[in-house]
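Asks: Any chance you could fold what I've pasted below:
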Amino acid sequence: MSDERPFYQRPLEELNAAEWEALCDGCGRCCLHKFEDEDTGELAHTWLACDLLDCETGHCSDYARRRESVPDCLQLTLEKVAQYDWLPPTCAYRLRFAGQPLPSWHPLLTGDPDSVRRAGVSVAGRVLRECDAPDLPIIDYVVDWPGEVPLAARLLQPASEPEGDSTAK
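Replies: Below you'll find the model as predicted:
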C-alpha cells in the first residue's frame, strides 16, 4: 500500500533527494554566521551571511557548487538534523524531524516562494555578506532574530496541528 500523503507529510526517511531538498523554505537563516560563547556555550547568531548568499533574495547564489567556494558549507542530511540544534525554529527540516507539520507560510503549502519573506522568516534585505561588512568586532553583529519565530509567522500558524504524524524520532 503506497502512502498517498504529500511528500512533505511523509516520514523523512521515505523522501528521495529531490523531495528532501524541496523541504527547504529558502529563508537563508542557516547561511548566517554563528558562534559559540566560550564561557557559556550559548550560540550567538549574527546578521553576517556567507559570501555566496544573495542578500536581496536570501538564496544561495551558487547552491549547486557552493562547497567548491565554501568548503565548510554543511550538507544537511537526515542523519545530521538532530545534531544541528542551531537550525532556526522555523526550519522545515527541524520541524519535520520533530514530527511537526510545515508552517502555513511554507512555499510547499502556499505555492509562493515569497510567502517566506511575507512571514518575516527570510533574511532577504536584513543581512550583509561577510565580505561586504565593515571590520567591526563580531559582537557588534550579534542579533537574536535568526533564532526566533517572527510574529508574522506565528500569526499565520494554523489553530491546530494535524493528527497522525509519525515522523518524530
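Asks: which secondary element of the chain has the worst mean pLDDT?
Replies: Within the chain, no helix or strand scores below helix 151-155, which has a mean of 83 by mean pLDDT, DSSP states H and E.
Asks: and residue 62, how many neighbours?
Replies: 12 (other C-beta atoms under 10 Å). Glycine gets a C-beta too; all of them are placed from N, C-alpha and C.
Asks: so what's the residue nearest to it when sequence neighbours are not counted up against?
Replies: The shortest distance from residue 62 to any non-neighbouring residue, by C-beta to C-beta, 6 or more residues apart in numbering, is to residue 52 (5.5 Å). Residues in contact with residue 52 (C-beta atoms under 8 Å, 6 or more residues apart in numbering) are 31, 60, 61, 62, 66, 69, 70, 73, 129.
Asks: change it to 7 Å
Replies: 60, 61, 62, 66, 69, 70 (C-beta atoms under 7 Å, 6 or more residues apart in numbering).
Asks: got the phi/psi numbers for residue 53?
Replies: With angles defined as degrees, to the nearest 10, residue 53 sits at phi -70, psi 130.
Asks: Now it: closest residue in space, sequence neighbours ignored.
Replies: Distances taken as C-beta to C-beta, 6+ apart place residue 31 nearest to residue 53, at 4.7 Å, with adjacent residues excluded.
Asks: need the longest strand for the protein.
Replies: As assigned by DSSP state E, the longest strand anywhere in the chain is strand 43-49.
Asks: And the helices in the protein?
Replies: Taking DSSP state H to define them, one finds helices in the chain at 17-22, 66-69, 78-81, 92-97, 107-110, 115-118, 151-155.
Asks: Distance check, residue 58 against residue 11.
Replies: Using C-beta to C-beta, to the nearest Å, residue 58 is found at 28 Å from residue 11.
Asks: Who has more neighbours out of those two?
Replies: Set residue 58 next to residue 11 and count neighbours by other C-beta under 10 Å: residue 58 wins out with 24 against 16.
Asks: Can I have the buried ones of the contacts of residue 52 as a ChimeraX selection?
Replies: The buried residues among these can be selected in ChimeraX (16 or more other C-beta atoms under 10 Å) with this line:
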select :60,66,70
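Asks: centroid residue for this protein?
Replies: What sits nearest the mean C-alpha location of the chain, by C-alpha atoms, centre = their mean, is residue 91, with 4.0 Å.
Asks: Tell me the spacing between that residue and residue 38.
Replies: Distance of residue 91 to residue 38, computed by C-beta to C-beta: 26 Å.
Asks: One more: residue 137?
Replies: From residue 137 over to residue 38 (counting by C-beta to C-beta), the distance is 15 Å.
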